[in-house]
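A.B. asks: quick one, structure for this:
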Amino acid sequence: MTALKSEYRLVLEAGAQALEAALSGLDTEGVLARAAEIYAGELCAVSSFGAESAVILHMIAKTAPDTPILFLDTYKLFDETLAYRDALVARLGLNDVRTITPEPAHLEADDPDGDLHLRNPDLCCHIRKTLPLIRALRPFKVWISGRKRHHGGTRAALPRVEVQDGKLKLNPLFDWPPDRIEAYFDEHDLPRHPLVAQGYPSLGCLPCTQPVEAGEDPRAGRWAGQEKTECGIHFDADGKLVRSGQ
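C.D. replies: Sure, this is the predicted structure:
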């Protein structure tokens, strides 16, 4: 079984290398257009509709507007995030946004009182984000992420194309610094998430996200005071769940 898994991993890595080669020399919009062409009907994007999400969503709307957009509603999000999602969908003309939610049976079994984030935040993320996303990604071979190296931590060495959980993951904005993100917002007059002005440069679920001080890491407000740095929908180079900085 291990040998078979290793062989499958090699096939995926070869696929990642082939996709990277096919994207060589293209700008970011060209990368999105080429990926949508190569993987027509087999590619989606995953978006949190968070602080920087409008950039990649605007590009997708321009280059491949029929790309399915998967949005994870954990039932613990800020009301402002849900309103921002609706505003961006209308503004950009996104026509295939799919809201993904946790299984009611999982919530009833593991979080009947809605306080699992206080007792076991990893399990909370697992049932509210990881499992729903794995289920939603089944029809697709490639998914687009908005992750960037400037987020720091485990993302500091982020590649453009990576392998995760039997899929290829494309990070088109992997090398975009903050000033380029800001310039794109200004150039295209994109609306900002309303909580960014209140000190939230990175947004997740309400109970586990707080504002950060000027000069702090953008993700310092996520699970503040804990070793946890990721929700578990992203994996490291070895295909393992990333939840802490260790």
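
A.B. asks: which parts of the longest helix along the chain are buried?
C.D. replies: What stands out as the longest helix in the chain, according to DSSP state H, is helix 2-23. The neighbour-count check on helix 2-23 (16 or more other Cβ atoms under 10 Å) flags L12, G15, A16, L19, L23 as buried. Any C-beta I mention is one placed from the backbone N, CA and C, and that applies to glycine too.

A.B. asks: ok, the residue positioned nearest the centre of the chain to L82 distance?
C.D. replies: Geometric centre of the chain, nearest residue: S145, 4.6 Å, by Cα atoms, centre = their mean. According to Cβ to Cβ, to the nearest Å, S145 and L82 sit 21 Å apart.

A.B. asks: hang on, the earlier thing: and the longest helix of the chain, what's its mean pLDDT?
C.D. replies: Mean per-residue pLDDT for helix 2-23: 84.

A.B. asks: which SSE is immediately downstream of it?
C.D. replies: helix 28-38 (DSSP states H and E).

A.B. asks: and that following helix, how far from the chain's centre?
C.D. replies: The chain centroid and the centroid of helix 28-38 are separated by 18 Å under Cα atoms, centre = their mean, to the nearest Å.

A.B. asks: that helix - contacts with which helices or strands?
C.D. replies: Other elements packing on helix 28-38 under the criterion 3 or more Cβ pairs under 8 Å, 6 or more residues apart in numbering; DSSP states H and E are helix 2-23, helix 53-63, strand 142-144.

A.B. asks: follow-up on the earlier one: and the longest helix of the chain with helix 28-38, angle?
C.D. replies: 130 degrees (axes from the mean of the first three to the mean of the last three Cα atoms, to 10 degrees).

A.B. asks: what is helix 2-23 packed up against?
C.D. replies: Short answer (3+ Cβ pairs under 8 Å, 6+ apart): helix 2-23 packs on helix 28-38, strand 161-164, strand 167-170.

A.B. asks: least confident of these, on average?
C.D. replies: Ranked by mean pLDDT, those bottom out at strand 161-164, which scores a mean of 92.
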